[in-house]
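Novice: need a 3D model of the sequence below.
(one chain, ligands or ions: 1)
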Amino acid sequence: MPAITGQQYINRIDNRQTEIWHNGKKITSKISEHPALKGAIHSQAKLYDLQHKKELLDVMTYPLPSTGERVGTSFLQPTTIDELIKRSNMVQQWAKVSGGMLGRSPDYMNTVLMTFAASAEILEGKDNCYPSHLVNFYEKAREEDLSFTHTFINPQVNRSQLYFEDSDEPIAAKVVGENDDGIIVKGARLLATQGGMTDEVIVFSPGGITDKAYAFAFAIPSDTKGLKFLSRDSFVDGDSTFDYPLSSRFEELDSVVVFDNVLVPWERVFFYNNIEVANTFKSKSAFLPFTLHQVVSRQIIKAEFILGLAESIVETINISEYPHVQDKVAEIIAAVETMKALLTKAETNAAIDEFGLMRPELIPLQVATSSFPKLYPRLTEIVQLLGSSGMVSIPTEADFQSDIREDLEQYLQSAALGAKDRVQLFRLAWDATMSSFGSRQTQYERFFLGSPERLRSELYKSYNKQPHVDFIREFLR
Ligand SMILES: Cc1cc2nc3c(=O)[nH]c(=O)nc-3n(C[C@H](O)[C@H](O)[C@H](O)COP(=O)(O)OP(=O)(O)OC[C@H]3O[C@@H](n4cnc5c(N)ncnc54)[C@H](O)[C@@H]3O)c2cc1C
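Specialist: Model (predicted):
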């Protein structure tokens, strides 16, 4: 089955017996009908449907050389700059559906898996490493258009550098045994966004491993025996897209993943019991440049969404004449254009890497992704500052159908819009920046790639500063 449709995605997710716990209960209904999950699942289905739109076919899919069947572009291993740009066009096409709010649309993990498989030769000849398993799994995922959640970090128990887990029962997931069929994993991992609403979960060591029991990488179906997704409380307050324009459609949920003596079949183990590989595979692989390329492509759409939102508020209440308002919107414009310029530089300076991939230049992408955790909270703050009391003068759809409708229409009208349209706009601004959904978006942009300080430290370490130091030396001569 090549690139799937939305309905195929929904059927597959519903047919799985995935164990998801939500608000004190195990979900027993169809997952796609559960109030906390249905919005994001149906939005994700729309993404898959775009793969079949005639006019988008060449952006969203590509033909497999072996069979000619069309598969999703996010699986494409690019060998030319045109193919690299095709990848970012595809990411942006999907991101536009949610204004960039679906952080873990399937292209994110498809990209990650694509890079891991392209770099599988790193595992060749190493102890307890199975490069062919990784390549086979990538090909299966590409041909069946599988969707993924992932867990790359350990529970937040004690982050001191001196901490070693010594509890009798594992907390962080570790290998507790192996047999003819595979490895057995027990313990927990964080933080699977979309946990339960994907076909599979991909699990990689968090890095900085000193005990080989924690050194592993594998992928298993979401409904594997013993695997549980413990979801956080939902931020969906209702189905109305007028009242909750974003949370009703794009609430992805985040979950703790519990492995209760889960058997991972050998053919799904990429490596285990190898500390050196666990600590270096991601950094030696093509993971970083291509994942950041996906991330920046999406973040541009999100910044453009915020720009559109801010300017819509400005026009609606007619505040464009004030210099500080122009200054604030210009700040968002500068963010959008800077992010776009960085993406263009990364693509223009792409070059073939050691794995034969057309790799985007890393530094501009690191600059963009290490800036965005600071930029995004500021962009949402600007929306709040421009919207002022409008951000909370937001009656509901039901209010507009009640006896107070005439009052609302009279007193909540604005320079450019009637009351209902104005409130609809401000509810969107509220949901993007102030609701529990909006606050989580800010936290997501701050942390989803790792802590912002670590991103900037990586930029510091990888940037070639020497020419600039030489410049100063020359200058002082
Ligand atoms: C909304 C959201 C969705 C996410 N989705 C996913 C997902 O789908 N899959 C996934 O695997 N992960 C996901 N993550 C997890 C994300 O990767 C982590 O939040 C990130 O790596 C930071 O780890 P942490 O949350 O454990 O923070 P911690 O490491 O516990 O950090 C807490 C604080 O301590 C500081 N700190 C910790 N260690 C050090 C140190 N050594 N030196 C200096 N300061 C330190 C940090 O800077 C931070 O301020 C998600 C996170 C969020 C917020």
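Novice: which non-adjacent residue is nearest Leu190?
Specialist: In this structure, Leu190 finds its nearest non-sequential neighbour in Ile153, 4.9 Å apart by Cβ to Cβ, 6 or more residues apart in numbering. C-beta coordinates here come from the backbone N, C-alpha and C atoms, glycine included.
Novice: which ones are touching the one you found?
Specialist: 189-191, 206 (Cβ atoms under 8 Å, 6 or more residues apart in numbering).
Novice: just among those, which is most surrounded?
Specialist: Highest neighbour count within those: Arg189, with 23 neighbours (other Cβ atoms under 10 Å).
Novice: got a list of what the residue in the stretch 251-400 of the chain that the ligand sits nearest to touches?
Specialist: Nearest residue of the stretch 251-400 of the chain to the ligand (Cβ to the nearest ligand atom) works out as Asp254 at 5.0 Å. Contact analysis of Asp254 by Cβ under 8 Å, 6+ apart lists 191-193, 195, 231-232.
Novice: now, of these, which are buried?
Specialist: Those of the contacts of Asp254 that meet the buried threshold are 191-193, 195, 231, by 16 or more other Cβ atoms under 10 Å.
Novice: what is the nearest of the contacts of Ile153 to the ligand?
Specialist: Checking those against the ligand with Cβ to the nearest ligand atom, the nearest one is Leu191 at 4.0 Å.
Novice: tell me the SS of the closest one?
Specialist: strand (DSSP: H, G, I helix; E, B strand; the rest coil).
Novice: what's the span of stretch 52-61, first residue to last?
Specialist: Length of stretch 52-61, first residue to last, Cα to Cα, to the nearest Å: 9 Å.
Novice: number of residues surrounding the residue lying closest to Phe287 once chain neighbours are set aside?
Specialist: The spatially closest residue to Phe287, leaving aside those adjacent along the chain, is Thr115, at 4.7 Å (Cβ to Cβ, 6+ apart). For Thr115, the neighbour count with other Cβ under 10 Å is 24.
Novice: which helices and strands sit right next to whichever strand or helix holds Thr115?
Specialist: Here Thr115 sits within helix 107-118, counting by DSSP states H and E. With contacts taken as 3 or more Cβ pairs under 8 Å, 6 or more residues apart in numbering; DSSP states H and E, helix 107-118 sits against helix 81-98, helix 131-144, strand 148-151, strand 200-204, helix 287-316.
Novice: torsion angles phi and psi at the residue of the stretch 251-400 of the chain closest to the ligand?
Specialist: phi -120, psi 140 (degrees, to the nearest 10).
Novice: any idea what it is bridged to?
Specialist: Thr193 (DSSP bridges).
Novice: how about the residues of the stretch 101-250 of the chain by the ligand?
Specialist: 104, 150-153, 156, 159, 161, 190-193 (Cβ under 6 Å from any ligand atom).
Novice: identify the farthest-apart pair in these.
Specialist: Of all pairs drawn from these, the one with the longest distance (Cβ to Cβ) is Arg104 and Gln161, at 29.2 Å.
Novice: returning to what we had before: of all the residues of the stretch 101-250 of the chain next to the ligand, which comes closest to Arg268?
Specialist: Once Cβ to Cβ is applied, the member of these that ends up nearest Arg268 is His150, at 14.0 Å.
Novice: what sits against the closest one?
Specialist: His150 touches 109, 112, 192, 201-204, counting by Cβ under 8 Å, 6+ apart.
Novice: cool, and Arg249?
Specialist: So Arg249 contacts 39-40, 42-43, 98, 241 (Cβ under 8 Å, 6+ apart).
Novice: check the gap between the residue nearest to Ala172 when sequence neighbours are not counted and Ala173 for me.
Specialist: Leaving aside its chain neighbours, Ala172 sits nearest to Asn154 (3.8 Å; criterion: Cβ to Cβ, 6+ apart). Using Cβ to Cβ, to the nearest Å, we find Asn154 at a distance of 8 Å from Ala173.
Novice: now list whatever residues contact both of these two.
Specialist: 189, 214.
Novice: and stretch 388-397, which residues are buried?
Specialist: 390-391, 394-397.
Novice: go on, stretch 60-76?
Specialist: 60-62, 70-76.
Novice: doesn't Ile184 fall inside a strand?
Specialist: Yes. Checked against three-state DSSP, Ile184 lies within a strand.
Novice: state the distance from Asp145 to Leu307.
Specialist: 32 Å.
Novice: what about these two, which has more around it?
Specialist: Asp145 (24 against 20).
Novice: send me the lowest-mean-pLDDT helix or strand in the chain as PDB with only the CA atoms.
Specialist: Every helix and strand in the chain was compared by mean pLDDT, DSSP states H and E; the lowest is helix 452-462, with a mean of 94. What follows is helix 452-462 as a C-alpha-only set of coordinates in PDB (Å, rounded to 0.1, in the frame of the first residue of the first chain):
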ATOM      1  CA  PRO A 452      17.100  25.800  24.300                       C
ATOM      2  CA  GLU A 453      20.400  26.300  26.100                       C
ATOM      3  CA  ARG A 454      21.600  22.900  24.700                       C
ATOM      4  CA  LEU A 455      20.600  24.000  21.200                       C
ATOM      5  CA  ARG A 456      22.600  27.200  21.500                       C
ATOM      6  CA  SER A 457      25.600  25.300  23.100                       C
ATOM      7  CA  GLU A 458      25.600  23.000  20.100                       C
ATOM      8  CA  LEU A 459      25.600  26.000  17.700                       C
ATOM      9  CA  TYR A 460      28.500  27.500  19.700                       C
ATOM     10  CA  LYS A 461      30.500  24.200  19.500                       C
ATOM     11  CA  SER A 462      29.800  23.600  15.800                       C
END
